[in-house]
Structure formats: C-alpha cells, structure tokens
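**Q** Build the 3D model from these lines:
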Amino acid sequence: ADDEAARFHRARKPLEALAHLEAASKIEGERPPGYAFEVLAAQGRAYRLLGRGGDARVALQRAQGMPEAALARLGPRLHVDLGHLFAEEGAFEDAETEIRKALDLDPEDPEARRALELTLRRVAWKSELAASAEARVDAVKAEADALRRRFQSREGEIEALRKELE
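**A** Numbers count the residues shown, from 1 in each chain. All right, here's what the predicted structure looks like:
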C-alpha cells in the first residue's frame, strides 16, 4: 500500500495517495510490520501537500509515537514532513529541530539535507528581518525623542517670550 502511495507522492498527486491509502485500509488480511506507521506517515505527507496542516499534524504526531519513527529507514521522512509543516507555519526553529532529528537518524538522507539547507536560510532571514525591524523601531524612537526635545526647547522659548510681553 505504501509503495503505491509513495508513487503518487512522487508524482505530486496527494489526493490519489489518500484515496489509495483509504482503499488499501479496507482490504482484509495480515499487515506487514510497520504498516500502520507507513500509512500514517503517507497520510501526513499527503495532507501537508494538500495544505491541510491540522490533519497532517495529527497523522504525523501519531506516527511519531510509534517505534518505527526511530528507524533510520522510516523515521527521517516523518521528521522532514514535520519540519516542513513547522516551516509552513513560520516556526523555522522548530522546523530545524525536526529536520536535525531526521539527519540524526540518517545523515545522508538527501531530502533532509535539502530541507535543512532551506530551513537554515529561513532562520537566517527571520533573524535578519527581526534585527532590521528592531533597528527601525530604535530609529523611530530616537527620532521621536529628538522631536520631543525640540518641542520642549521651543516651549521654553515661547514661555520666555510670554514673560517679556507681560
């Protein structure tokens, strides 16, 4: 079942992958070890690709609690998908953590390596953006302070002129 779902994922057809997983779940018979994990992981990826983050999170977190999540053959994909999900939500630091978990399981996983590279760029971009915003806020505060001092100075001049007129 997972092989067919994986084929649909590679073809970028998440709806077909979900339909195949649903049909496969209705077939009677014994399941190989790890079947439930692979189904949840495939569902999580399909939901994520469809933009259904909540459903993806539920499936991926359920899979994360299974022993197969710690296997070098199966776990990296799960952590990469969780990382992509966090990144899509703008939680780049959490994304980096998940992707590093994938690389801990398989340091050569090409998808995890690409995802980490992209995520590190996003973390750097977010840091630069925050620093830039902070610098702009500081500049505006300094300008406001300078305007306040000028206003107080002019106010003093006006007061002095009033006293002269009296």
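**Q** give me the element the spatially most central residue of the chain is part of.
**A** In the chain, the C-alpha nearest the mean C-alpha coordinate belongs to Ala87, at 1.7 Å (C-alpha atoms, centre = their mean). For Ala87, the element it lies in under DSSP states H and E is helix 75-88.
**Q** which helices and strands does that helix pack with?
**A** The elements that helix 75-88 packs onto, with contact taken as 3 or more C-beta pairs under 8 Å, 6 or more residues apart in numbering; DSSP states H and E, are helix 35-49, helix 53-64, helix 92-105, helix 110-165. Bear in mind the C-beta positions are built from the backbone N, C-alpha and C, glycine included.
**Q** May I see the buried residues of it?
**A** Residues of helix 75-88 classed as buried by neighbour count (16 or more other C-beta atoms under 10 Å): 75-87.
**Q** Likewise for stretch 61-72?
**A** Buried residues in stretch 61-72, counting neighbours by 16+ other C-beta under 10 Å, are found at 63-64, 66, 68-69.
**Q** That one: how far from the chain's middle?
**A** How far stretch 61-72 lies from its chain's middle: 19 Å, per C-alpha atoms, centre = their mean, to the nearest Å.
**Q** which residues of the protein score low on pLDDT?
**A** Along the chain, segments meeting pLDDT under 70 span 1-12.
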